[in-house]
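Chemist: Got a predicted structure plus its sequence, pasted below:
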Amino acid sequence: MDQGQMAKQIRVPQSAASFEYELFDGDPDNLRTVVASPTQILPYIDPAKLKLKHRIGRGTFGDVWLATHHQSADDFDEYHEVAVKMLPPMTEDLTQTFIERFEGLFLKCREIQGVCWLHGISIINGKICIAMKFYEGSIADRMAWLKGGKLDLSHVLRYGINLAKGLLQLHSIGLLVLNLKPSNFLVNDHDQLVLGDFGIPYLLLGIPLLNSDMILRLGTANYMAPEQWEPKIRGPISSETDSWGFGCSIVEMLTGVQPWFGKSSDEIYQSVVIKHEKPQVPVGLPPDVENVIIGCFEYDLRNRPLVKDILYAFESSLRAFNGDGEWIGLETRGLVEKSNHGGYTSWYLSKNPLQDGDTVRLRKPVNTCKPQTMDVHKGIVTGLDNGADKSGFALVKIAGVQNPLRVQESTLERVTDGFAVGDWVCIKEENDKSSSVGILHSVRRDGSVSVGFIGLETLWRGNSSELQMAKAYHVGQFIRLKENVVTPRFEWPRKRGGAWATGRISQVLPNGCLVVNFPGRLVLGDEPNSFLADPAEVEQVSFDNCAGVVEKYKHVEDFHWSIRPLTIALGVFTAMKLSMSIGRRVGAKLNKRQRRRGDQDGRVGSNATWLPPPFANIIFKEGVHTAAVR
Ligand SMILES: Nc1ncnc2c1ncn2[C@@H]1O[C@H](COP(=O)(O)OP(=O)(O)OP(=O)(O)O)[C@@H](O)[C@H]1O
């Protein structure tokens, strides 16, 4: 199929007879508010009107070309210099899928001030080409010219604010960028940061590329959040995934050093995903900025700040910066975990503020199944008492108690339709795409919910009426595969003899995926001893549910691999001790009997009874002799 035919196929809407969109193109920095209505504008550009000049960059998600876009109508004929992002090849139907996704967002993106102006989309040589306004340079280019390769704090704060504003708007139209990095931050004529990537990795989600040499990751390794590496397994990716990328970009702008500089993607995966390491945050930053950037590097995305929190911290710090003069002394240091409430960060808690009339219950500390000791189990918020110290107390009315109780807000969680954020849930209707058990990420007062499930890259969205409670799991519990599971979703080790091994949960991921260690297995060398588990496929193992002594003993063996050899050694030792003591007793009895018999026979010593006669005689004689000497 030639490009003209492909173009015709892609032009889905019937209403557009010509490329009317060209009439509305113009200076993106000034014309955003006068964009025409969606019925007038289509994103498709005739490939004949795009002339690629030369390649200016090669990125993870394709090449960027400098090109001209010819726009003409009865009363004008213009050539615009554009940057064209050429994506790697994909099959025709997936090309169509991508273009439909792009079409849905094209106009919305055009209205966003902090995102590069989109000219449209075309297909050249079978590859998708996205034409954007050409900007003079990126933040990365600017840094390269500076001493030390880094920006000063006031610039970082200002650009950070531009970036956060653009991001917020992209999130509001349902897009995630997933590829935040200084080379994707372009600078416009007013020295403002403009996002050069409006979320191409997100639009490519689920689209395999034809070029098998290219490992399509969902972003650029150095800037990727833990859940971004394997979103179906360690996900979901969500707006807080961009908070991690934001944090990485800010650290790079401040220090001039790319996070994980010099490491291969495999090494970065090991550091970020497996060892839970975080990029180093420079010291000497305004406290709010430091706090929010540290928060961006929380392993669990739910514990990270949202972009609006980042924006607030940057704006307030820029104000303080201007008033106070200079912030100096940027050095790097290791991350210190900020204090949190029962294992929840303040960012986690701030996502679900309480209001009057909410039904609440006490929040359990992270990773506990222990019942709360306080009497308050469920109540209604009758007032909020946010004093000047921002300590945040709520007045809670409890049935049967006359006066409302004053309870710290952070210890309470809202319950809507019987569900609270963090609950383990399953969808009533079975589906084969994902695990049936997941973790509730949000429940709004109108009943709309979002849930993280293994098998889904992004949050599942629905209504609380579609959910039911599921069994909760927490760190420290022992689990094994259910008996009816023949082929588990993830590899699972077996014991000697072939039965499934029992492991201990070491981490619960935001989609309910369990990271399980097997202390009962002796592993040698590099053999892995940490595995993943689908919560729908496992059951808890505890002393209470082990039937009989043998089962209970087997469970003891799950605690440490050395228990079995120790038990065996102890068993052998006990058996030896026992047999020695039995031997001694038997010997003593025999001696006694022998002595009695010897007395009767006129002989001395018990040995004589079982030694062959000549020896017995000698001993007997010596015995007599000894006895005589004595
Ligand atoms: N609209 C644009 N105007 C000017 N330069 C641009 C534009 N878009 C991208 N560039 C520049 O082109 C170069 C390559 O960009 P590209 O986005 O392909 O690479 P990348 O950012 O390294 O990788 P990725 O594919 O992960 O985004 C970068 O230096 C970038 O700053």
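Modeler: That came through, no problem. Quick caveat: nothing in here was measured; it's all calculated off a predicted structure. Residues are numbered from 1 along each chain as shown.

Chemist: For the stretch 201-350 of the chain, which segments count as helices?
Modeler: All helices of the stretch 201-350 of the chain, identified by DSSP state H, counting those that start in this stretch, fall at 226-229, 231-234, 239-255, 265-269, 287-296, 307-324, 346-350.

Chemist: Please spell out which residues along the fourth one are buried.
Modeler: Within helix 265-269, the residues that count as buried by 16 or more other CB atoms under 10 Å are Ile268, Tyr269. Yep, even glycine has a C-beta here, placed from its N, CA and C like the rest.

Chemist: Quick one: distance of it to the chain centre.
Modeler: 15 Å (CA atoms, centre = their mean, to the nearest Å).

Chemist: got a list of what the most centrally placed residue in the chain touches?
Modeler: What sits nearest the mean C-alpha location of the chain, by CA atoms, centre = their mean, is Glu227, with 3.3 Å. By CB atoms under 8 Å, 6 or more residues apart in numbering, the contact set of Glu227 is Arg234, Gly235, Pro236, Ile237, Thr241, Leu301, Leu509, Pro510.

Chemist: and Gly57, how many residues sit next to it?
Modeler: For Gly57, the neighbour count with other CB atoms under 10 Å is 13.

Chemist: mind checking which helix or strand Gly571 is in?
Modeler: Per DSSP states H and E, Gly571 falls inside helix 563-601.

Chemist: Tell me how far Ile250 lies from Leu42.
Modeler: For Ile250, the distance to Leu42 (CB to CB, to the nearest Å) stands at 37 Å.

Chemist: So for those two, which sits in the more crowded spot?
Modeler: Ile250 (28 against 22).

Chemist: Pretty sure that one sits against Ile293.
Modeler: Yes - shown here, Ile250 and Ile293 form a contact pair, counting by CB atoms under 8 Å, at 5.9 Å.

Chemist: Tell me which residues touch Val194, please.
Modeler: Val194 touches Gly114, Val115, Cys116, Tyr135, Asn162, Gly166, Phe185, Leu186, Val187, Asn188, counting by CB under 8 Å, 6+ apart.

Chemist: Confirm that Ile56 sits in a helix.
Modeler: No - Ile56 is assigned strand when assessed by DSSP: H, G, I helix; E, B strand; the rest coil, not a helix.

Chemist: That one reaches Trp65, doesn't it?
Modeler: Yes - applying CB under 8 Å, one finds Ile56 in contact with Trp65, separated by 6.6 Å.

Chemist: between those two, what contacts are shared?
Modeler: Ala83.

Chemist: Which residue would be the closest one in the stretch 251-400 of the chain to the ligand?
Modeler: Proximity of the stretch 251-400 of the chain to the ligand (CB to the nearest ligand atom) peaks at Gln258, 11.4 Å away.

Chemist: how many neighbours does that residue have?
Modeler: Under the neighbour criterion other CB under 10 Å, Gln258 is assigned a count of 20.

Chemist: Ramachandran coordinates for it?
Modeler: Dihedral pair for Gln258: phi -70, psi 140, per degrees, to the nearest 10.
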